[in-house]
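K.L.:
Dropping the sequence and predicted coords here.
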Amino acid sequence: MNTFHADVAVVGAGIVGLAHAYAAARRGLRVALFERSERAVGASIRNFGLIWPIGQPAGRLFERALHSRRIWLGVSRDAGLWCVENGSLHLAYHPDELAVLEEYLETTPSARETCALLTPDQTTERSHAVKRDGLRGALWSRTELNVDPRQAIRTLPGWLERQYGVTLRFAAPVLGIAAPVIEMPAERWQAERIFVCSGADFETLFPREYAAAGITRCKLQMLRTVPQPDGWQLGPSLCAGLTLLHYRAFAHCAALPALRRRIEAEMPFYVQHHIHVLLSQTALGELTIGDHHEYGHTHDPFEREDINQAILRYLTAFAQAPTFAIAERWHGIYPILPGQTDLILHPQPGVVIVNGLGGAGMTLAFGLAEENLSA
Ligand SMILES: Cc1cc2nc3c(=O)[nH]c(=O)nc-3n(C[C@H](O)[C@H](O)[C@H](O)COP(=O)(O)OP(=O)(O)OC[C@H]3O[C@@H](n4cnc5c(N)ncnc54)[C@H](O)[C@@H]3O)c2cc1C
């Protein structure tokens, strides 16, 4: 068997692996990227394509998200990816939702530079997709980006190869690592630094380390409409009150428990299935809609239509579009470490496991990769 050499080897061509390959290649290192499948079909092509700094708590993670955002803008420009600086709107239809948004703005220094509270009229001026009836206001944030995950994850490997000479190996499962040696069915590689970015597969590489870390998986159901007619554009990505319960950015707000109590009383199904609803768009003009959250190691492969219908009911209470005709339904699974924002392990000298970015891999991976390559 031939042995090949690289300075940096990356396992997994999802966004975390691509971000590490990019960070290493940009530093002039010889990089090899190994992906088990013929093309990456994991969490990174199944998401909303939202770069969502506003979901991150102020401080280190928000700064990492802004760093990622800057990289996404540069990479998208250079690789010819669809990427819209459209920002986001958190919509308030209840006084308790508006109270959380007001408090967030008052108590979060970074938000004062990037966000503003809008009146209902200002909100509908900014977005023709927002329903006016019952609207009390909205938090406008300018930091969010919308990319098309299918386009980005499919395009970036070839671009890395052309632009930076990254060596690509698809349909190349890494079977074992004993640093510096990496074993695949048909090849053996040696690399000084190895980043293992293998997503929700905890069984193939370093299963003991994953088990000891307590990592688990989260399943999310998603829907996508047909392309909107006549080039209709969504504008800012949208969400509403349920989202305030989901992201840690709002966790410090004293007004949050009252909102939670009302939602628990009025919408138990949504609370039970951890549903919150985001609306984004794709390069082809389709609308991406989701999601719910189900935690555990092994997930049922079947999708629940009652959950999809609940998502659509909540969506159509705050959003309007020419059509919500659904063209595709799917689910994605991401790894998550309860209470933590990522999992960085050093199982062998020269080997770094990078995983557990939860629902924020698109938002954080590029920034995290820069930090890991500089470490
Ligand atoms: C439905 C859904 C919606 C989401 N929405 C957003 C969003 O809008 N914004 C956001 O920031 N985040 C979002 N996320 C989270 C984000 O998608 C994930 O955090 C991110 O995609 C994880 O990337 P990854 O590279 O770790 O995993 P993956 O994309 O799953 O990639 C891992 C890759 O490693 C490969 N692999 C595994 N084992 C091996 C091996 N032994 N050898 C070779 N290759 C291997 C796999 O085949 C796979 O391609 C969402 C997630 C889901 C599921």
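P.N.:
Yes, it's here. Numbering: from 1, shown residues only.

K.L.:
Contacts for the lengthiest helix in the chain next, please.
P.N.:
Using DSSP state H, we find that the single longest helix of the chain is helix 60-79. Here helix 60-79 makes contact (CB atoms under 8 Å, 6 or more residues apart in numbering) with 19, 22, 51-53, 55-56, 81-83, 85, 110, 143, 145, 147, 152, 155-156, 159, 163, 249, 341, 360, 363-368, 370-371. No exception for glycine: its C-beta is placed from N, CA and C like everyone else's.

K.L.:
again, 6 Å this time
P.N.:
Residues from elsewhere that reach helix 60-79 (CB atoms under 6 Å, 6 or more residues apart in numbering): 51, 53, 56, 83, 110, 145, 155, 159, 363-364, 366-367.

K.L.:
Stretch 249-261 now?
P.N.:
Here stretch 249-261 has contacts from 55-57, 96, 99-100, 103-104, 244-245, using CB under 6 Å, 6+ apart.

K.L.:
farthest pair in those residues?
P.N.:
Across the contacts of stretch 249-261, the longest distance by CB to CB is 22.8 Å; it joins Gln56 and Asp96.

K.L.:
out of those two, which sits in the more crowded spot?
P.N.:
More crowded of Gln56 and Asp96, by other CB atoms under 10 Å: Gln56, with 24 against 18.

K.L.:
buried sites along stretch 68-76?
P.N.:
Within stretch 68-76, the residues that qualify as buried are 68-69, 71-73, 75-76, counting by 16 or more other CB atoms under 10 Å.

K.L.:
Contacts only, for the residue in the stretch 101-250 of the chain that the ligand sits nearest to.
P.N.:
Per CB to the nearest ligand atom, Gly199 is where the stretch 101-250 of the chain lies closest to the ligand, at 2.8 Å. By CB under 6 Å, 6+ apart, the contact list for Gly199 reads 12, 14, 42-43.

K.L.:
on that earlier part again, in terms of model confidence, name the weakest of the contacts of helix 60-79.
P.N.:
The pLDDT minimum for the contacts of helix 60-79 sits at Ser110, where the score is 91.

K.L.:
residues near that one, how many?
P.N.:
Residues within reach of Ser110, counting by other CB under 10 Å, total 18.

K.L.:
Could you point out the helix or strand that follows the longest helix of the chain?
P.N.:
Per DSSP states H and E, the first helix or strand lying C-terminal to helix 60-79 is strand 83-84.

K.L.:
Check what contacts that next one and list those residues.
P.N.:
With contacts defined as CB under 6 Å, 6+ apart, strand 83-84 is touched by 76, 145-147.

K.L.:
ok, now with 7 Å
P.N.:
Outside strand 83-84, the residues that touch it by CB atoms under 7 Å, 6 or more residues apart in numbering are 72-73, 76, 145-147.

K.L.:
Can you go through the contacts of helix 60-79 and name the buried ones?
P.N.:
51, 53, 56, 83, 110, 145, 155, 159, 363-364, 366-367.

K.L.:
Name the secondary structure element that contains Ala32.
P.N.:
Applying DSSP H and E as the criterion places Ala32 in strand 31-34.

K.L.:
Can you spell out which residues form a bridge with Leu220?
P.N.:
When bridges are called by DSSP bridges, Leu220 pairs up with Gly332.

K.L.:
any idea which of the contacts of stretch 249-261 is closest to Glu266?
P.N.:
Nearest member of those to Glu266, counting by CB to CB, is Asp96, at 11.0 Å.

K.L.:
tell me the pLDDT at the closest one?
P.N.:
pLDDT for Asp96: 98.

K.L.:
Is it in contact with Arg262, as I believe?
P.N.:
Yes: Asp96 lies in contact with Arg262 (CB atoms under 7 Å); the separation is 5.9 Å.

K.L.:
Break this protein down into its domains, please.
P.N.:
Domain assignment of the chain by automatic domain parsing yields the ranges 3-45+150-213+340-374, 88-142+216-336.

K.L.:
what about stretch 25-43, distance to the chain center?
P.N.:
Centre-to-centre, stretch 25-43 and its host chain are 18 Å apart (CA atoms, centre = their mean, to the nearest Å).

K.L.:
and among the domains of the chain, the most buried is which?
P.N.:
domain 3-45+150-213+340-374 (a mean of 20; mean count of other CB atoms under 10 Å).

K.L.:
quick one on the thing from earlier: in its sheet, what does the strand holding Ala32 sit against?
P.N.:
Short version: by DSSP bridges, strand 31-34 pairs with strand 3-11 (parallel), strand 167-169 (parallel).

K.L.:
Ile194 in helix, strand or coil?
P.N.:
Of the three states, Ile194 takes strand according to DSSP: H, G, I helix; E, B strand; the rest coil.

K.L.:
Could you report the distance from it to Gln272?
P.N.:
Distance, Ile194 to Gln272, using CB to CB, to the nearest Å: 41 Å.

K.L.:
Identify the residues contacting the residue nearest to Phe4 when sequence neighbours are not counted.
P.N.:
The shortest distance from Phe4 to any non-neighbouring residue, by CB to CB, 6 or more residues apart in numbering, is to Trp189 (4.9 Å). Contacts for Trp189 (CB under 7 Å, 6+ apart) come out as 3-4, 6, 9, 32, 182.

K.L.:
what about Trp189, is that helix, strand or coil?
P.N.:
strand.

K.L.:
Which other helices and strands does the one helix or strand Leu223 maps to contact?
P.N.:
Assigned by DSSP H and E, Leu223 belongs to strand 216-225. Helices and strands touching strand 216-225, as assessed by 3 or more CB pairs under 7 Å, 6 or more residues apart in numbering; DSSP states H and E, comprise strand 287-290, strand 294-295, helix 305-318, strand 326-336.
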